[in-house]
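Student: build me a model:
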Amino acid sequence: MPLFNSDEELEALFQKYQPVVLSLQAQYYVRDMLEDDWIQEGRIIFYKCWTAYDEAFGSTFGSFYKQALQNHIFSLLRKQKAVKRQAEVNASSYESLTQTYGAEFFDAALGCEMDDPISRLIVKDVLSEYPTFCAPMERRVLNLFLQGNEIAEIAEIMHMHPRSVGSAFHRALRKIRQEIF
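Tutor: Next comes the predicted model:
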């Protein structure tokens, strides 16, 4: 398909296909995506489709665009649900934990002092990656702990013995220590 001579031409044609974006927005919920974000994603996919579309595909441009946009939304949803990103969804931020428990929390939990900014950045980075190296039970216990629950509360939530929960928590902390040091 011919490329556009100006941004205005692209925008004018995109306006005809914008209802497709709004229709998909009504069908799917993607966390933290506002209408403007949906429109922007729609524009990006629209441009990519316009440059890739060939009438020999045997479909209309509209159906080609809708399918490509839907596939893009599915990819966003898969990323949102990925196990390694569950820490971002479930865990409290490093800053909120230090406000709640004090800066000494990580010092005590990790068995070292985290008084310099570099050390704190390393801890933040490792905490964002813990789902990749902790077992599912350890992840769940750590997620619940980072949400502000005590070991006894986690044991109740998970219908487990507090000693088992404590062991999973300490295994997770040991793995985090290994990643840091």
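
Student: what are the buried residues along the host helix or strand of Ile44?
Tutor: Here Ile44, judged by DSSP states H and E, is contained in helix 35-52. Within helix 35-52, the residues that qualify as buried are 38, 41-43, 45-46, 49-50, counting by 16 or more other Cβ atoms under 10 Å. All C-beta atoms are positioned from the backbone trio N, CA, C, and that covers glycine.

Student: then stretch 22-38?
Tutor: Buried, per 16+ other Cβ under 10 Å, within stretch 22-38: 24-25, 30, 33, 38.

Student: these in strands, which ones?
Tutor: Assigned to strands by DSSP state E, none of those qualify.

Student: lowest average confidence, helix or strand, in the protein?
Tutor: helix 86-90 (a mean of 51; mean pLDDT, DSSP states H and E).

Student: related to what we said a few turns ago, dump the buried residues of stretch 22-38 to a markdown table, plus distance to Leu10 and pLDDT.
Tutor: Below are the buried residues of stretch 22-38 laid out as a markdown table (distance: Cβ to Cβ, whole Å; pLDDT from 0 to 100):
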| residue | distance to Leu10 | pLDDT |
| --- | --- | --- |
| Leu24 | 20 | 91 |
| Gln25 | 20 | 89 |
| Val30 | 24 | 82 |
| Met33 | 22 | 84 |
| Trp38 | 17 | 92 |
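
Student: could you identify the most distant pair in those?
Tutor: Leu24 and Met33 (11.0 Å; Cβ to Cβ).

Student: for Arg43, see how far away Met137 is.
Tutor: Distance, Met137 to Arg43, using Cβ to Cβ, to the nearest Å: 43 Å.

Student: now Val20
Tutor: 12 Å.

Student: how about Asp54?
Tutor: Distance of Asp54 to Arg43, computed by Cβ to Cβ: 21 Å.

Student: name the helices or strands packed onto the helix or strand immediately after the helix holding Ile44 in the chain?
Tutor: Counting by DSSP H and E, the next helix or strand C-terminal to helix 35-52 is helix 61-81. Here helix 61-81 touches helix 7-27, helix 35-52, going by 3 or more Cβ pairs under 8 Å, 6 or more residues apart in numbering; DSSP states H and E.

Student: show me the one of these that comes nearest Leu146.
Tutor: Ranking the helices and strands packed on helix 61-81 by proximity to Leu146 (Cβ to Cβ) places helix 35-52 first, at 27.1 Å.

Student: packing partners for the closest one?
Tutor: Identification of packing neighbours for helix 35-52 by 3+ Cβ pairs under 8 Å, 6+ apart yields helix 7-27, helix 61-81.
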